[in-house]
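*Asks:* missing the sequence, but the structure's below:
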């Protein structure tokens, strides 16, 4: 079976599985729906495992037999196909994890959740593999529609509905901006194929229409990626979404936003007539640094475990954006490895948080102090995930962080400090929570006086029997995910394949020739080195040591943890939960990005 056969299957399999569940889910029992969903998810993993080695260059499939000049094209390079494989892996993990997680009704609604998960997968896989700008928008919105429904899945509780509505309205506003940007660039070039768009822009001068079109298209991607100030919906949605859904949203959905920015710029706007490299680099590096710092600070302030992990995701997305903004194969290679391992680790941490919600009906770090001493195996996994977030070798997060730090340091010598600080603070927050919950470390924490907090107490249980025997799959799945995260940093084949993919990704002329003319020659850009270095190991150990020291120092304090500055209290108040505030920040972000890029163009 060729890549041209596998590419359409990678989108069709989850779509067909979702449609099948929508029909037979009305008559099948819960076990039958689980079998159908698991079979579809497994078939998708097999399809993408077969596809990824064949995408060492760029492989295409002309849908309906129409060539790229007039039709829709799917295009798989090693980075896009690898991201689709990450999607498939996490979806399979979520479906297996959910076998015993939900106490679903046995009637006609038994297949709703797995059907939505497969629909979510189809949107994500299609977005990672499409070579057409408008179809990228369509797949992105398919992904979003499924995500809204999954966020508000527990309709008996008003909080998930509020979170889903906020999520849906904010991202829909961004989608309208993106569609307007697509219309502007189509009016200029008459093209929607990504490769041909880049070709057509070469014959034009960069002006405000180009800048505005790029920023508007990028808006939807930045909202999904939860970059500051487009991020406000993310912690609110994570706090109320079912835990398996959080595994996908933080594990791979936000990463797709960062991938979309990189794909959009490199393929369409990186040449003459697009956005100058320096304008993109400085704007998105600044955006990434701001996101990393604010995400880390807000992560440290949380006691609601889902919000804590959500802000950790925001911080790491900032680091991914810095890696993308470097515009080098080394930065892309480091970011690709970082994204893959981070997705596995973050999904595992949310899965372990689901164990606490299953057992105790709470995700409050303070309220759970010392209650999970009997779940030491879960606690060990939780601490391992925290250290992986901090960049501990040999986890793939450590390798990706080390490669990104090295690439960033070649541009600005002080940038590695941002990677060390952000990873140390987010890892410390998770490590602190693990020590308190699973080992009862430190005195019982007290609430901050005068501060309103989202505690995580009084959560609606996602199962009906919190004192049941813990299902084995709920601990096996996160253990396997953490093992894969460690393997991604140890196995040179994974890192070298993504490094070769970075060389392909950073050569837009090669991508254009492969999509339009079917060129199959190797790219001219040499693959960067993707090995551990002494400096990378030492920086990984430094950030890990800082995370452990920061967490243990906080646990030994006998006074309530207080925000250290008025600025932090103000930052907490900005996350108000009010939809109007979030839309105002989104509009401000669009305006500032337009002004920043235009001023440098």
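*Replies:* Now that the structure is in, tell me what you want to look at. Since we're looking at a predicted model, the values are computed, not measured.

*Asks:* Could you use CA atoms for every contact and neighbour count after this?
*Replies:* Will do.

*Asks:* Okay, now the unreliable bits of this protein?
*Replies:* In the predicted model of the chain, residues 1, 3, 55-56, 64-71, 102-110, 156-157, 447-468, 520-522, 524, 557-565 satisfy pLDDT under 70.

*Asks:* quick check: domain ranges of it?
*Replies:* The record assigns the chain these domain ranges, following automatic domain parsing: 1-131+508-531, 136-275, 279-449+475-490+534-562.

*Asks:* so the residue nearest to residue 237 when sequence neighbours are not counted, which of the three states?
*Replies:* In space, residue 237 comes closest to residue 163 once its chain neighbours are excluded; the distance is 4.9 Å by CA to CA, 6 or more residues apart in numbering. Following DSSP: H, G, I helix; E, B strand; the rest coil, residue 163 is assigned to helix.

*Asks:* Residue 163: how many residues sit nearby?
*Replies:* Residues lying near residue 163 (other CA atoms under 10 Å) number 24.

*Asks:* Now do the same contact list for it.
*Replies:* By CA atoms under 8 Å, 6 or more residues apart in numbering, the residues touching residue 163 are 151-152, 233, 236-237, 240-241.

*Asks:* who wins for neighbours among those?
*Replies:* In terms of neighbours by other CA under 10 Å, the contacts of residue 163 top out with residue 237 at 30 neighbours.

*Asks:* Check which helices and strands whichever strand or helix holds that one is in contact with.
*Replies:* Here residue 237, judged by DSSP states H and E, is contained in helix 233-240. Packed against helix 233-240, as judged by 3 or more CA pairs under 8 Å, 6 or more residues apart in numbering; DSSP states H and E, are the following elements: helix 133-151, helix 158-189, helix 305-325.

*Asks:* Go ahead and confirm residue 527 touches residue 503.
*Replies:* Yes: with contact defined as CA atoms under 8 Å, residue 527 reaches residue 503; the gap is 5.0 Å.

*Asks:* all strands for this structure, in order.
*Replies:* Applying DSSP state E to the chain gives strands spanning 59-62, 73-76.

*Asks:* Out of the ones you listed, which is the most enclosed?
*Replies:* Of all the strands of the chain, strand 73-76 has the most neighbours on average by mean count of other CA atoms under 10 Å, namely a mean of 26.

*Asks:* Other residues contacting that one?
*Replies:* So strand 73-76 is contacted by 7-8, 55, 58-63, 67, 129-132, 193, 515 (CA under 8 Å, 6+ apart).

*Asks:* Among the residues you listed, which one has the most neighbours?
*Replies:* Ranked by the number of neighbours (other CA under 10 Å), these place residue 58 first, at 29 neighbours.

*Asks:* So the residue nearest to that residue when sequence neighbours are not counted versus residue 25, what's the distance?
*Replies:* Among residues not flanking residue 58 along the chain, residue 77 sits closest, at 4.5 Å (CA to CA, 6+ apart). Look at residue 77 and residue 25: by CA to CA, to the nearest Å, they are 36 Å apart.

*Asks:* Out of the contacts of residue 163, the closest to residue 545 would be?
*Replies:* Comparing those against residue 545 with CA to CA places residue 236 closest, at 30.6 Å.

*Asks:* which residue packs closest to the closest one, ignoring adjacent ones?
*Replies:* residue 163 (5.8 Å).

*Asks:* swap in residue 325?
*Replies:* Residue nearest to residue 325 in three dimensions, not counting chain neighbours: residue 281, with 4.7 Å by CA to CA, 6+ apart.

*Asks:* tell me the contacts of that neighbour?
*Replies:* Per CA under 8 Å, 6+ apart, neighbours of residue 281: 325-327.

*Asks:* Check residue 494 too.
*Replies:* Residues in contact with residue 494 (CA under 8 Å, 6+ apart) are residue 488.

*Asks:* Could you measure from it over to residue 128?
*Replies:* In this view, residue 494 and residue 128 are 18 Å apart by CA to CA.

*Asks:* And for residue 442, the neighbour number?
*Replies:* 18.

*Asks:* So it is in contact with residue 555, correct?
*Replies:* Yes: under the criterion of CA under 8 Å, residue 442 makes contact with residue 555 at 4.8 Å.

*Asks:* and for these two, which residues touch both?
*Replies:* Joint contacts of residue 442 and residue 555 (CA under 8 Å, 6+ apart) are residue 436.

*Asks:* I'd guessed residue 112 sits against residue 24; true?
*Replies:* No: taking CA under 8 Å as the definition, residue 112 is not a contact partner of residue 24, at 10.5 Å.

*Asks:* Out of the contacts of residue 163, which comes closest to residue 601?
*Replies:* residue 233 (31.2 Å).

*Asks:* got a list of what the closest one touches?
*Replies:* When contacts are counted by CA under 8 Å, 6+ apart, residue 233 touches 163, 166-167, 170, 226, 582.

*Asks:* and if you look at residue 548?
*Replies:* Each residue near residue 548 by CA under 8 Å, 6+ apart is listed here: 428, 431.

*Asks:* how much space between it and residue 430?
*Replies:* To residue 430, residue 548 is 10 Å away according to CA to CA.

*Asks:* Around residue 374, how many other residues sit close by?
*Replies:* Per other CA under 10 Å, the neighbour tally for residue 374 reads 11.

*Asks:* Count the neighbours of the residue nearest to it when sequence neighbours are not counted for me.
*Replies:* Excluding the flanking residues, the one nearest residue 374 by CA to CA, 6+ apart is residue 438, at 7.7 Å. Per other CA under 10 Å, the neighbour tally for residue 438 reads 23.
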